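1. got a predicted model here, sequence first, then my questions.
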Amino acid sequence: MTRNVRLATASLMAALTAVSAYITLPIGPVPITMQTCFVLISGAVLGSRWGAGSQIVYVCLGLAGMPVFAGGMSGPAVVLSPTFGYLVGFVIGAFLTGLYVERFTRKSVIHLSAGMLIGQAAIFGCGLSYLYAYFNLYAGVETTWPATLAAGLLPFIPFGLVKLVLAVSVTRVLSKYIRLENP
């Protein structure tokens with residue numbers, strides 16, 4: 001993939017992540033969105049650096065004031081919202097997905113699925129850690145880890161598995177038209 005194609009694809013992934021923020025199912029402090037699907041695809045297609053870069057662009061656009069986050073949220077105040085940890089997780093998740101997938105010349109369904117599961121785990125790890133801190137330190141709501149998991153993980157598991165299958169399928173189709181990135 002040439003530099004120009006990588007740049008265009010990274011821009012597209014940032015834009016698709018932004019658009020997918022508007023596909024939401026509001027279920028509590030953290031809505032279910034389609035964003036993680038494109039985060040995982042960006043890591044698998046672009047590789048670790050460019051995949052993470054596309055998500056850095058996305059997060060920076062939102063923090064700069066563009067309404068690209070779930071629910072049309074934007075601006076620096078998002079840092080003090082319960083969802084900010086998941087946004088940080090997008091960057092790390094795309095990086096780790098790409099890092100894992102880059103190791104393989106042939107990107108099989110197993111390799112893509114494993115890489116995307118690692119990326120999804122990173123997103124949840126960052127999101128849940130921040131959500132716990134948000135409740136206990138900022139919102140002043142004394143919350144336990146089980147309550148945090150009930151609010152920020154359990155409802156997402158079935159949807160996350162569907163999005164993972166979709167992300168793997170889309171990546172496999174894209175791999176027929178573009179060469180998936182290796183460093």
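-> Happy to help now that I have it. Numbering: from 1, shown residues only.
2. quick one: contacts of the worst-scoring helix or strand of the chain on mean pLDDT?
-> The weakest-scoring helix or strand in the chain, judged by mean pLDDT, DSSP states H and E, is strand 24-25 (a mean of 91). Contacts with strand 24-25, where a contact means Cβ atoms under 8 Å, 6 or more residues apart in numbering, come from Pro31, Ile32, Thr33, Ala70, Gly71, Phe159. C-beta: built from backbone N, CA, C; applies to glycine.
3. the helix or strand just after that strand: partners in the sheet, and parallel or antiparallel?
-> Downstream of strand 24-25, the next assigned helix or strand under DSSP states H and E is strand 32-33. The strands beside strand 32-33 in its sheet (DSSP bridges) come out as strand 24-25 (antiparallel).
4. pLDDT weak spots in the chain?
-> Along the chain, the model assigns pLDDT under 70 to residues 180-183.
5. please repeat the previous calculation with a cut-off of 90.
-> Applying pLDDT under 90 to the chain flags residues 1-6, 26-29, 71, 104-107, 139-140, 174-183.
6. those helices in it, which residues are they?
-> 3-20, 35-63, 84-102, 109-133, 145-152, 156-175 (DSSP state H).
7. which one of these lies nearest to Pro76?
-> Pro76 lies closest to helix 35-63 among these, at 5.7 Å (Cβ to Cβ).
8. now do the buried residues in that closest one.
-> Going by neighbour count (16 or more other Cβ atoms under 10 Å), the buried part of helix 35-63 is 35-59, 61-63.
9. just stretch 129-141 next, same as before
-> Of the residues in stretch 129-141, those buried (16+ other Cβ under 10 Å) are Tyr130, Leu131, Tyr132, Ala133, Tyr134, Phe135.
10. only alpha carbons, please: show that stretch as CSV.
-> Output in CSV follows, covering the C-alpha atoms of stretch 129-141 (Å, rounded to 0.1, in the frame of the first residue of the first chain):
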residue,chain,number,x,y,z
SER,A,129,-11.0,1.2,34.1
TYR,A,130,-12.0,4.8,33.2
LEU,A,131,-15.7,4.1,33.9
TYR,A,132,-14.8,2.8,37.3
ALA,A,133,-12.7,5.8,38.0
TYR,A,134,-15.3,8.2,36.6
PHE,A,135,-18.1,6.8,38.9
ASN,A,136,-15.9,6.7,42.0
LEU,A,137,-13.8,9.8,41.6
TYR,A,138,-15.6,12.3,39.4
ALA,A,139,-19.3,11.5,39.7
GLY,A,140,-19.1,10.7,43.4
VAL,A,141,-21.0,7.5,43.0
